[in-house]
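Engineer: I'll drop the sequence and a predicted model, then ask my questions.
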Amino acid sequence: FRFTHAITRRPAASITHGLRAIDTGTPDLATMQAHHAAYTAALRATGATVIELAPLDPYPDSLFVEDTALCLPQGAILMRPGAPTRLGEAAAMEPHLRAIYSTVHVIEAPATIEGGDILVTGREILVGTSARTNDAGIAALNAITARWGYSLRRVQTPPGVLHFKTDCALLDATTILSTERLAASGCFAGYDLIHTAPGEEAAANVIRFNDTVLMPAGFPATKDRLTAAGYQVTEIPNTECAKLDGGMSCLSLRF
Ligand code: CIR
């Protein structure tokens, strides 16, 4: 959770066509741009360098850069998104990662895997199977990360939940914020857990970024739990990304 860099991509006018599980309204570009600016400012306020990429109109979901890659100290791994409309986003990210990393691996078909399903903790890499991430994707990732000395564990994203990290986040090396429905699977045995408050499941997608926890605004009971546990919390308005099932982790690659 200590990072010197992040990559973000500004939202494009095409966000109105972004994928969503349930239609709760069309995101408003100007509002989303304001929220996105608050998000990047909060990352920068921790002292990190934020590389802001230009909007990518052909890809409505391209602001959710997390799904395109996994950045580890040993190198970057380009994902292969399971959503057909998002496949090209990884290729669009590739040159930016090659400019930073001397080692870049690429996940190949038929594997599919999105960064939103990957949680790197202080001791292992957890990967949730989901509608976007298949077993071939997990095996392909494991083949790379095993060589780098990581142990990787396959877990289950709850049914109907977009990504594994829709429902959980790392708060420090051994502490996880999780919805009760995900934690009930037992996948976090051995970790310290903080649960999202009842009815605030959408608060689970936070990021610990250096000394702060960025969380979506509007979840006061979960915020209280985090501050009571000693975390410094920065609330970021997230109403527009929420319409596209996106949250704090989706909006950046962090390394
Ligand atoms: C999608 O369905 O792919 C986007 N609308 C949301 C992606 C959110 N990404 C993430 O949780 N890592």
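Structural biologist: Everything's here; your move.

Engineer: tally of neighbours for the residue of the stretch 1-150 of the chain found nearest the ligand?
Structural biologist: Nearest residue of the stretch 1-150 of the chain to the ligand: residue 116, at 2.6 Å (Cβ to the nearest ligand atom). All C-beta spots, glycine's among them, are computed from the backbone N, C-alpha and C. Per other Cβ atoms under 10 Å, the neighbour tally for residue 116 reads 27.

Engineer: which residues sit in contact with the residue nearest to it when sequence neighbours are not counted?
Structural biologist: Leaving aside its chain neighbours, residue 116 sits nearest to residue 163 (3.2 Å; criterion: Cβ to Cβ, 6 or more residues apart in numbering). Counting by Cβ atoms under 8 Å, 6 or more residues apart in numbering, residue 163 touches 67, 114, 116-117, 128, 130, 132, 157, 250.

Engineer: end-to-end on stretch 179-194?
Structural biologist: End-to-end distance of stretch 179-194: 8 Å, with Cα to Cα, to the nearest Å as the criterion.

Engineer: right, quick check: that stretch against the ligand, any contact?
Structural biologist: No - Stretch 179-194 lies out of reach of the ligand by Cβ under 6 Å from any ligand atom, never closer than 13.6 Å.

Engineer: And stretch 226-241, by the same measure?
Structural biologist: No - Stretch 226-241 is not in contact with the ligand by Cβ under 6 Å from any ligand atom; minimum separation 7.8 Å.

Engineer: outside of that stretch, which residues touch it?
Structural biologist: Stretch 226-241 is contacted by residues 15, 27-28, 31-32, 34-35, 38-39, 42, 45, 63-64, 171, 175, 177, 194, 206, 208, 211-218, 223, 246-248, 250-251 when judged by Cβ under 8 Å, 6+ apart.

Engineer: Just the ones of those residues in helices?
Structural biologist: Among those, the ones falling in helices (DSSP state H) are 31-32, 34-35, 38-39, 42, 45, 223.

Engineer: Filter the residues you listed down to just the buried residues.
Structural biologist: Buried residues within the ones in helices among the contacts of stretch 226-241, counting neighbours by 16 or more other Cβ atoms under 10 Å: 32, 35, 38-39, 42, 223.
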